[in-house]
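fold the following and give me the result.
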Amino acid sequence: MIKFGLLWHKISLYASLLWHKISFCGIKFGLKLNISLLWKIWDYCNQATFNEVVYHQRTISSFLKVVFKEVDSNFAKLGTTNNSWFDYLILRRIGVETRAAPPPSMIEVHWWPPVGPWMKVNTDGSALGAPGSIAAGRVYRDHRGWVRGCFHFKRGLGFAFETELLAVIYVITIAHHKDWRHLWLEADLAYVVRLLNSHSLDIPWRFLASWKWTLRLLQDLRLQVSHIYREGNNVADLMVNRDCSEGWWPYALDEIKHAVALDMSTYSIIRIKY
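Now for the predicted structure:
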């Protein structure tokens, strides 16, 4: 026989495991299955609390086995368990076949300088909320990795993608003004990369006029656009998060010198992708 405290602990344990097991499965089926499971748990607990009904452990285990096997039969290829020995022991105990999640993959991220006469600019933006206070930072570097200019600005309320878009407009305008005709723009936001590669006009209307003017400036430039992971965009990230006043500087600021030196070394960052 099994008492209420042990009953609740055992059912809660299995229910938690079941939630992890179907977390990668279909939403509709998972929601329906969890509602049925929670209703049954509630019924068991009420019977044990108010009607002093005692249940055999075999009864609880049989019910949970049926629920788990229903998950297995509907999602034989999609469902996975957590990679933990605790999950494995529970599933083996109730006779359910386990499927471990695939191991994470590792990607080496490194910043590479451009080939002369190209100028490479790394961009980053942030928004403290949605919408929130927005800020952006950009760093221009030549083929030797030397900083040729950097800037930081803050604006009012907005979204993160609007920050990136506004910064790209500034980047291209400055490059055109400095007569840097070969520009390699590297960003960690796929939205900006897609806009520049397609010359799309699918942007917020308040930026449309400035964006059209930017596309006209691009006719005088050779532009290359690429995506970089955030781990390799540390210099631009430091420019975004600086607390000092906004502006343009034709040299490397003290707070980014160390990150610039790391980029020019053989230092790499490992990105773990689950």
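
how close does residue 43 get to residue 271?
Plainly put, residue 43 is 47 Å away from residue 271 if you go by C-beta to C-beta, to the nearest Å. Just so you know, the C-beta spots here come from the backbone N, C-alpha and C atoms, and that holds for glycine as well.

more neighbours: these two, which one.
Neighbour count, other C-beta atoms under 10 Å: between residue 43 and residue 271, residue 271 has more, with 15 against 10.

residues in contact with that one?
Contact analysis of residue 271 by C-beta atoms under 8 Å, 6 or more residues apart in numbering lists 106, 107, 108, 109, 229, 231.

now the strands for the stretch 151-274 of the chain?
Remark: strands assigned in the stretch 151-274 of the chain by DSSP state E, counting those that start in this stretch are 182-187, 222-227, 247-249, 269-273.

tell me which of those strands sits most buried.
Counting by mean count of other C-beta atoms under 10 Å, strand 182-187 has the highest mean neighbour count of these, with a mean of 21.

name every strand pairing with that one and say which way it goes.
Its sheet considered, strand 182-187 pairs with strand 119-129 (parallel), strand 222-227 (parallel) by DSSP bridges.

what count of nearby residues applies to the nearest residue to residue 200 once chain neighbours are set aside?
Of all residues not flanking residue 200 in the chain, residue 194 sits nearest, at 7.0 Å (C-beta to C-beta, 6 or more residues apart in numbering). Neighbourhood size, residue 194 [other C-beta under 10 Å]: 13.

doesn't residue 203 make contact with residue 194?
No. Residue 194 is not in contact with residue 203 according to C-beta atoms under 8 Å; the separation is 11.1 Å.

so what's residue 144 closest to, chain neighbours aside?
Per C-beta to C-beta, 6+ apart, closest to residue 144 is residue 113, 6.9 Å.

check residue 148 too.
Leaving out its chain neighbours, the residue that sits closest to residue 148 by C-beta to C-beta, 6+ apart is residue 140, at 4.6 Å.

pull up the pairing partners for the helix or strand where that neighbour lies, direction included.
Per DSSP states H and E: residue 140 is located in strand 132-141. Sheet partners assigned to strand 132-141 using DSSP bridges are listed as strand 119-129 (antiparallel), strand 147-158 (antiparallel).

now the ones you listed in JSON lines, with mean pLDDT, mean neighbour count and distance to residue 224?
As requested, these are exported to JSON lines (pLDDT from 0 to 100; neighbours: other C-beta atoms under 10 Å; distance: least, C-beta to C-beta, whole Å):
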{"stretch": "strand 119-129", "mean pLDDT": "84", "mean neighbour count": "21", "distance to residue 224": "9"}
{"stretch": "strand 147-158", "mean pLDDT": "85", "mean neighbour count": "18", "distance to residue 224": "17"}
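
looking at those strands, spot the one closest to residue 167.
Residue 167 lies closest, by C-beta to C-beta, to one member of the strands paired with strand 132-141: strand 119-129, at 5.3 Å.

where along this structure do the helices fall?
Secondary structure of the chain (DSSP state H): helices at 4-21, 27-50, 57-74, 85-93, 160-177, 190-198, 208-217, 234-240, 254-264.
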